[in-house]
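Novice: mind folding the following:
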Amino acid sequence: MKNFIIFFVFILSLISKGYSEWQKANLDKSPVDPTNFSMNFTGIDCIDSLNCIAIANDASYYRVIYKSTDAGKNWHLSYNKDYGKKKDYPLFRSLSCLTNNRCIIGADSGVIFLYDNNGNFTRYNTPINSNPIKHPNFINISHINMYDTTFGLATTNFFMIYTKDGGENWELIKKPDSSCGIRCSAILSPNNFVIYGTCKNPNENCPYNRTIFISNDTGNSWTAYNFENIDGKQDSAGGIIKFCFIDSLNGWAIGGVPTGLGDTDTKKIAHTSDGGKSWILQYDSIAIPRFTLWDVSFHDVNNGIAVGRFGSVLLTNDGGLNWSNDSVDIIQSTYPPMLYTSYRNIDKPIIVDFGGRIFYEDGIVSVKEYQKKEYSIEIFPNPTQDYININITANYNSHFRIDDFKIFNIYGECIKNPKPVIPNGEGIIRLDVSDLSNGVYFINLGCLTNKFLIIK
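Specialist: Okay, the predicted model is just below:
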């Protein structure tokens with residue numbers, strides 16, 4: 001219990017004050033929970049600059065749909081007809097809004113729902129329903145991607161289904177290999193699919209533990225690309241949670257993997273400019289604990305947002321070359337276990353969380369005026385015996401004091417807290433660590449955390 005508390009204290013140290021003005025949206029109260037705290041949002045999508053849909057399941061396993069017509073500031077219950085009925089309805093897992101009158105929702109048990117602005121709610125069973133595999137993770141539709149109002153691809157951990165009529169009928173797509181686990185997917189044209197798969201025992205069809213598969217013939221054949229290393233670094237990409245493609249070439253993958261060091265995880269973002277064949281790692285940071293990224297959305301090729309567990313928010317306005325921490329107290333105050341976001345078709349991003357809350361940006365920072373405030377931290381020598389040099393590069397216009405500069409051990413305990421003054425540009429700090437024993441340590445500076453190793 002002590003270490004659990006220490007870890008959450010450490011989370012707070014990783015969160016710096018954001019500089020966008022996030023506001024909590026107004027929501028209609030649920031019929032059974034006036035606080036809305038039990039309303040667990042699982043997805044959001046925007047149809048245009050004003051109209052957005054958010055899906056949720058409450059703690060009593062009732063399905064709920066919220067709709068906003070003012071860019072996310074106010075939300076009204078658009079569907080809650082399940083209240084008072086049996087609780088064994090498939091829960092909402094993912095969605096894709098096509099028009100203001102048509103939204104496709106992926107659910108448990110391989111079920112697809114079509115929902116329109118008039119409140120009509122139609123259930124469609126898919127080929128997944130009749131499959132003998134009944135493990136929940138295999139048949140929950142966790143990703144649904146529509147290329148347009150007609151063609152779309154939906155995936156579970158074990159199945160892919162394809163629609164050619166706007167979601168009313170679905171057909172199974174053969175996987176690249178029977179042992180391949182599917183983690184996320186994207187549809188880049190009616191015939192062009194991209195999926196991320198894992199294979200415990202690599203073989204001819206699934207040659208890598210982590211693989212990008214691309215099909216240009218509606219899944220009849222697949223080409224495998226290695227996602228285990230980028231720029232020659234083994235396991236540099238990590239596990240993907242979600243894709244976001246802005247066009248047929250440019251896409252981003254977010255996720256993270258456990259490091260094996262004190263129960264730590266990594267936050268990773270990679271970018272492709274050739275439709276998924278090759279990737280460049282844009283963001284790689286240690287996060288403690290279980291602080292992996294969970295959702296990503298882009299407004300255009302430059303402006304994007306990535307969100308993660310416990311209130312982690314990252315923003316970019318240069319296509320991901322630089323990501324700025326925008327986590328704020330109002331979002332992370334209750335340690336939301338999952339966040340989902342939408343920036344598609346809307347001028348400013350919106351965030352929903354697993355605690356019944358929705359947040360919108362209040363207009364302080366626009367997609368055209370977004371100001372970068374970036375810094376990086378490099379440690380050398382590493383490993384070391386008695387001292388480390390810390391090279392800090394800052395992109396600020398004046399001197400500033402880094403009040404949250406800290407060194408932690410693997411248990412999340414702060415063991416050093418220097419407060420140096422760093423000039424504009426570059427500054428190198430030399431720290432004596434001869435009093436520290438052998439092991440792994442972490443240096444935290446705002447949203448960045450790097451590790452170093454002491455070997456004597």
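
Novice: tell me who's in contact with Tyr441.
Specialist: With contacts defined as Cβ atoms under 8 Å, 6 or more residues apart in numbering, the neighbours of Tyr441 are 407-410, 415, 433, 451-454. All C-beta atoms are positioned from the backbone trio N, CA, C, and that covers glycine.

Novice: most neighbours among the residues you listed, which one is it?
Specialist: Each of the contacts of Tyr441 was scored by neighbours using other Cβ atoms under 10 Å; the highest score is Phe408's, at 23 neighbours.

Novice: leaving out chain neighbours, which residue sits closest to that one?
Specialist: Leaving out its chain neighbours, the residue that sits closest to Phe408 by Cβ to Cβ, 6 or more residues apart in numbering is Phe442, at 4.6 Å.

Novice: would you map the helices across the stretch 301-450 of the chain?
Specialist: 329-332 (DSSP state H, counting those that start in this stretch).

Novice: which residues of it score low on pLDDT?
Specialist: Within the stretch 301-450 of the chain, the set of residues satisfying pLDDT under 70 comprises 363-376, 392-404, 411-412, 419-427, 445-449.

Novice: ok, the contacts of Tyr441 vs Ile104, which is closest?
Specialist: Lys451 (42.5 Å; Cβ to Cβ).

Novice: surely the closest one is in contact with Gly439?
Specialist: No. Using Cβ atoms under 8 Å, Lys451 is not in contact with Gly439, being 10.4 Å away.

Novice: who's in contact with the nearest residue to Asp28 once chain neighbours are set aside?
Specialist: Distance criterion Cβ to Cβ, 6+ apart; nearest residue to Asp28, sequence neighbours excluded, is Leu77 at 4.4 Å. Residues touching Leu77, when contacts are defined by Cβ under 8 Å, 6+ apart, comprise 28, 30, 64-66.

Novice: could I get those residues in CSV, plus columns for secondary structure and distance to Leu339?
Specialist: Conversion of the contacts of Leu77 to CSV gives the following (DSSP: H, G, I helix; E, B strand; the rest coil; distance: Cβ to Cβ, whole Å):
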residue, secondary structure, distance to Leu339
Asp28, coil, 21
Ser30, coil, 19
Val64, strand, 18
Ile65, strand, 19
Tyr66, strand, 16
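
Novice: pLDDT check: weakest of these?
Specialist: Taking pLDDT as the measure, these have their low point at Ser30 (71).

Novice: how much space between that one and Asn57?
Specialist: 11 Å (Cβ to Cβ, to the nearest Å).

Novice: joint contacts of those two?
Specialist: The overlap between the contact sets of Ser30 and Asn57 (Cβ under 8 Å, 6+ apart) consists of Val64.

Novice: next, Asp177: phi, psi?
Specialist: phi -150, psi 140 (degrees, to the nearest 10).

Novice: I'd assumed Asn205 was in contact with it.
Specialist: Yes. Between Asp177 and Asn205 there is a contact at 3.8 Å, judged by Cβ under 8 Å.

Novice: mark which of the contacts of Leu77 are buried, thanks.
Specialist: With neighbours counted using 16 or more other Cβ atoms under 10 Å, the contacts of Leu77 contain these buried positions: 30, 64-66.

Novice: if we can go back for a sec, who has more neighbours, Asp177 and Asn205?
Specialist: With other Cβ under 10 Å as the criterion, Asp177 and Asn205 differ in neighbour count, and Asp177 comes out ahead with 20 against 16.

Novice: which residues touch the more buried one?
Specialist: Contacts for Asp177 were tallied using Cβ under 8 Å, 6+ apart; they are 197, 199, 203, 205-206.

Novice: any idea how many residues pack against the spatially closest residue to Ala71 that is not a sequence neighbour?
Specialist: With Cβ to Cβ, 6+ apart as the measure, Leu50 is the residue that lies nearest to Ala71, at 5.4 Å, once sequence neighbours are left out. Look at Leu50: counted by other Cβ under 10 Å, it has 16 neighbours.

Novice: and Ile212, how far is that from Pro127?
Specialist: From Ile212 across to Pro127, the span is 25 Å (Cβ to Cβ).

Novice: same question for Asn205.
Specialist: Remark: distance between Asn205 and Pro127 (Cβ to Cβ) = 21 Å.

Novice: could you do Ser312 as well?
Specialist: Applying Cβ to Cβ, the value for Ser312 to Pro127 is 36 Å.

Novice: neighbour count winner among these two?
Specialist: Here Ser312 and Pro127 are set side by side on neighbour count (other Cβ under 10 Å), and the busier one is Ser312, at 26 against 14.

Novice: go ahead and confirm the more buried one touches Lys267.
Specialist: Yes. Using Cβ under 8 Å, Ser312 makes contact with Lys267 at a distance of 7.1 Å.

Novice: for PyMOL, write the select line for the buried members of the contacts of Asp177.
Specialist: Taking 16+ other Cβ under 10 Å as the burial criterion, the selection of buried members of the contacts of Asp177 in PyMOL is written as:
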select buried, resi 197+199+205+206
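
Novice: what does the strand or helix carrying Cys244 contact?
Specialist: Of the helices and strands defined by DSSP states H and E, Cys244 is found in strand 240-245. By Cβ under 8 Å, 6+ apart, the surrounding residues in contact with strand 240-245 are 143, 145, 183-186, 188, 194, 196, 210, 227, 251-256, 292-298, 304.
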